Structure formats: C-alpha cells, structure tokens
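[1] sequence plus the predicted model coming up.
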Amino acid sequence: MSGALGTVGLMLAGREPERAAIAALLDAARTGSGGALVVRGVAGVGKSTLLADALAPASDLRVLRTSGVESESPLAFAALQRLLWSLRTRIDALPAPQAAALRAAMGEAEGEGDRFLAFLGTLSLLADAAEQAPLLVVVDDAHWLDDASAAALLFAARRLQAERVALLFAARDGDARRFDAGDLPTVVLGGVTGADADALLSARAGIDIDPAVCDQLVAGTAGNPLALVELAGVLTADQLAGRASLPTPLPLTGGVERAFLDRYRRLDEPAQRFLLVAATDDTARLTVVRDAAERLDAAETALDAVERSGLLRVDGDAVALYHPLVRSAVYRAATSAQRRAAHRVLADVLTGDPERRAWHMAAAADRPDEDVVAALDGVAERAAARGGHEAR
C-alpha cells in the first residue's frame, strides 16, 4: 500500500477499539439514543484521521463540522457560529427566548443574550435538525475552542440521550489550553507498537524494516504514527534495514515538530534556553539540568515557566520531557551556536561523569581542541579496560 490514501489507512492500524467506540456512538444516534465521545491524544497520534474515518460509513447521517482555531479562541461563540451557520434558517422555529439568545450569540441580533438560553437553543437546534436525518457533529481541535462555544457544545453533549445526534470531539493532550470534558465518554489514543508500527513503517518505506530498528523508532517517538510515517520517508534504506546506524536526534520533518515547537516558541528566552538544556541532557537529573541552565542565565523562574507549559515535568530530582519528540523538536530548532552552548554548560557541570562530559565537550567544539582529544582518549581507554571495544 502506498501514497496518501494508503498512509491514511495505515494511520488507523491498531485503532480497532476506538473505531468500534465511534461506530457504536453513530449506531446509537441512528436509533434515537444520542451521545458524545471525546478522542484525546498528543499531536500526530491520529485524532483527525480517526474523525475522517468516522465520516466514511456515515452517508445516512447529516454531518456538521467545526474546529477550534487558535486565533479565534478569544472570540465568544466563534466556533459555534461556524458550526450552526447552515442551520440558521431553523432558528425562528425555536421558542422565542432561545431564538433571541442564539441569534445574539451568533451575531445576528444586538445584545449579548442569556447564555443559558443560547446553550439551550443550541441543543434544540441540533435536535430539530436531527428530525429529518440522524446528525453527526464533528468538532476537531476542541482544545482551541473559544470558551463560550465549548460551554455550549458541552451543555448539548450532556443532554442528547433522547436525540438522534452524535457529537464527536477531538482534543490534543498536553497543550497549554485544555478541553475540559471530564464527565463525557473518552478514548485516549496512544502510540502504536509491534506489528502495527512495522506495517506503518514498511508501507511508507516500501521495504522490510529490521525489527530492532522498528523498536528503536517506536522508543524514540513513543509510537507516534505521524512521526513514524515521516521517519520512514527520510531515513535511508540501509538505516531502516539495520545496516547503518540511526542518526541522533531522529531527523523528524515539520509535521510532528510543529505542534511542540508552537508551545516552545511561546516561552520567553530564558525558558527556551532551559528547555534546550533539558533536551540536550541525557542524565534526566534536575540538578544537572538546573546547574547547567543557570550558566546560560536561565534560573528557577525559567524552570517554572517550562513546567507550566507542560513540555517538562519534575519529580523529585528527576526531570522528564513531556514526549520523546519534544527532545528532537527543540534540539533541531536551535541554532548550531545554541546547541554548542548547551553542550558546553553540560560539560562544565558533569565533572564527575567523564564519559558524558567528554561527549558534551566534543559536541560543543567547533575547532580542533587538545582538551577534547584528551577527554575522548581517556573515555576510550576506560571503555577498552571494561571490554567495551565497540565503544572505544
């Protein structure tokens, strides 16, 4: 299988339980037992693909779609206005108080209107539209919904039990903005592994993938389907077959990185430097990362900002990035000078770890350096003494 359609199909590999949950939601709506379902997951895990798949067998349902848009998130009822625009001629059939409030919410009448009545009008309008045919309402990027639209749609979602309406949300996990729908049925998309990951990689690359390489790529991406597809397209045949080593960090293209970089670039400069040091470090020790970051004028306030962004979490003296792909995204986005600076300060603080210190010294060097040579020679000698001839 190849090409865009093949990739989309394979992005659904291992998603049978989630597809079954959506199919059950649509079947219930057809019989007048409406409901809602929230699909959650990190960027690139296949939420939008799953929503698109839900539309394929829904030819007998009327479909309404909207999505959250970051630039519109401060605008009250912006997403709801786009969703209900095709139904606006039905508003006059609603009870007068609901109709007036909903028209005000959609900008078709003066005043703010009563929010409860606007929410009730949303539910009534969806139920009225479903009288002619079962209705599927699809809301993508729900984490970017404006607050008023989110509240209206959640109000409706909790009251669909006797309606022929299915409401399907997709929301990104780990973003600074959250879609708070904790009381609704939810499925969480995780990464793919094993045969599903191998099928995804093989179909995109057009060759068999070495099992050990597949395991490495799954570990490096947490099984993110979009990341695996991108890697299969940029790694060489020798790398995928295990005849050549994989690059470090993994050479991801823009599809997955963009979602993490958007959050990274919203941080101020000290917080960005702190996160780059964390992405460059491989000890996972907070004391190491913090001491190194302080040498780049990124202090405790920078750590606080990075934690609030959700891109990094701290547990005692352990520090962990939100997702393995954050490391690749942040490191690749930095300039060569910024990367060398991060390696240099890590080498400065790792005085008790000669192997790691030597590696960071080498990565920080931009010209021949006798101190780096000596450090690498020392590491090689110690590796040989332990029988680590490959490492030497």
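    Thanks, I have it.

[2] quick one: secondary structure of residue 343?
    helix (DSSP: H, G, I helix; E, B strand; the rest coil).

[3] my read is that it contacts residue 279, right?
    No. Residue 343 lies out of contact with residue 279 (C-beta atoms under 8 Å); the separation is 11.3 Å. For glycine as for every other residue, the C-beta is placed from the backbone atoms N, C-alpha and C.

[4] of those two, who's got more company?
    residue 279 (25 against 21; other C-beta atoms under 10 Å).

[5] could you identify the helix or strand that succeeds the helix or strand harbouring the more buried one?
    According to DSSP states H and E, residue 279 maps onto helix 269-280. Sequence-wise, the next helix or strand downstream of helix 269-280 (DSSP H and E) is helix 286-294.

[6] remind me what that following helix packs against, helices and strands.
    Where contact means 3 or more C-beta pairs under 8 Å, 6 or more residues apart in numbering; DSSP states H and E, helix 286-294 is packed against helix 269-280, helix 300-309, strand 318-321, helix 336-349.

[7] okay, those, which one's buried deepest?
    Mean neighbour count (mean count of other C-beta atoms under 10 Å) peaks for helix 269-280 among these, with a mean of 24.

[8] can you give me the angle it makes with helix 300-309?
    Calculated by axes from the mean of the first three to the mean of the last three C-alpha atoms, to 10 degrees, helix 269-280 forms an angle of 70 degrees with helix 300-309.

[9] any idea of the mean pLDDT in helix 269-280?
    The average pLDDT within helix 269-280 is 95.

[10] list the contacts of it.
    With C-beta atoms under 8 Å, 6 or more residues apart in numbering as the test, helix 269-280 has contacts from 264-265, 267, 289, 292-293, 296-299, 301-303, 305-306, 309, 311-312, 319, 321, 326-327, 330-331, 334, 338-339, 342-343, 345-346, 360.

[11] quick one, the helix or strand hosting residue 357 and helix 286-294 angle?
    Assessed by DSSP H and E, residue 357 sits inside helix 354-364. Angle between the axes of helix 354-364 and helix 286-294 is 30 degrees (criterion: the same axes, to 10 degrees).

[12] still on that earlier bit, kindly reformat the helices and strands packed on helix 286-294 as CSV containing distance to residue 103.
    Shown next, in CSV, are these (distance: least, C-beta to C-beta, whole Å):
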stretch, distance to residue 103
helix 269-280, 44
helix 300-309, 39
strand 318-321, 47
helix 336-349, 53
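
[13] to residue 217, which of these lies closest?
    Counting by C-beta to C-beta, residue 217 lies closest to strand 318-321 out of the helices and strands packed on helix 286-294; the figure is 17.5 Å.

[14] out of the helices and strands packed on helix 286-294, which comes closest to residue 182?
    Smallest distance to residue 182 across those (C-beta to C-beta): 20.6 Å, for helix 300-309.

[15] show the subsequent helix or strand relative to the closest one.
    Past helix 300-309, the next helix or strand by DSSP H and E is strand 312-315.

[16] which stretches of the chain have low pLDDT?
    The model of the chain has pLDDT under 70 over residues 1-10, 111-113, 174-176, 252-256, 259, 383-392.

[17] and the strands in it?
    Residue ranges of the strands in the chain, as given by DSSP state E, are 35-41, 62-67, 135-140, 165-172, 186-188, 312-315, 318-321.

[18] how far off centre is the last one?
    So the one you mean is strand 318-321. With C-alpha atoms, centre = their mean, to the nearest Å as the basis, strand 318-321 stands 18 Å off its chain's centre.

[19] can you dump the C-alpha atoms of it in CSV for me?
    Provided in CSV are the C-alpha atoms of strand 318-321 (Å, rounded to 0.1, in the frame of the first residue of the first chain):
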residue,chain,number,x,y,z
ALA,A,318,14.1,13.5,38.1
VAL,A,319,13.2,15.6,35.1
ALA,A,320,11.4,14.3,32.0
LEU,A,321,10.2,15.8,28.8
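
[20] which strands and helices lie in contact with it?
    Helices and strands touching strand 318-321, by 3+ C-beta pairs under 8 Å, 6+ apart, are helix 269-280, helix 286-294, strand 312-315.

[21] which outside residues touch it?
    Defining contact as C-beta under 8 Å, 6+ apart, one finds that strand 318-321 is touched by 278-279, 281, 284-286, 289, 311-313, 327.

[22] can you turn the buried part of those into a PyMOL selection?
    To isolate the buried ones among the contacts of strand 318-321 in PyMOL, judged by 16 or more other C-beta atoms under 10 Å, type:
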select buried, resi 278+279+281+285+286+289+311+312+327
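
[23] residue closest to the middle of the protein?
    Centrality entry for the chain: nearest residue to the mean C-alpha point is residue 43, 2.0 Å, by C-alpha atoms, centre = their mean.

[24] my guess is it meets residue 260, correct?
    Yes. If you go by C-beta under 8 Å, residue 43 and residue 260 touch, sitting 6.9 Å apart.

[25] please parse the protein into its domains.
    Following the TED database, one gets these domains for the chain: 2-188, 194-250, 258-387.

[26] endpoints of the second one, how far apart?
    To tie it back to what came earlier, the one meant is domain 194-250. 19 Å (C-alpha to C-alpha, to the nearest Å).

[27] so how far is it from its chain's centroid?
    How far domain 194-250 lies from its chain's middle: 19 Å, per C-alpha atoms, centre = their mean.

[28] what of the first one?
    Using C-alpha atoms, centre = their mean, the mean C-alpha position of domain 2-188 is found 20 Å from that of the whole chain.

[29] related to what we said a few turns ago, list the buried ones in the helix holding residue 357?
    Using 16+ other C-beta under 10 Å as the test for burial, helix 354-364 gives 356-364.
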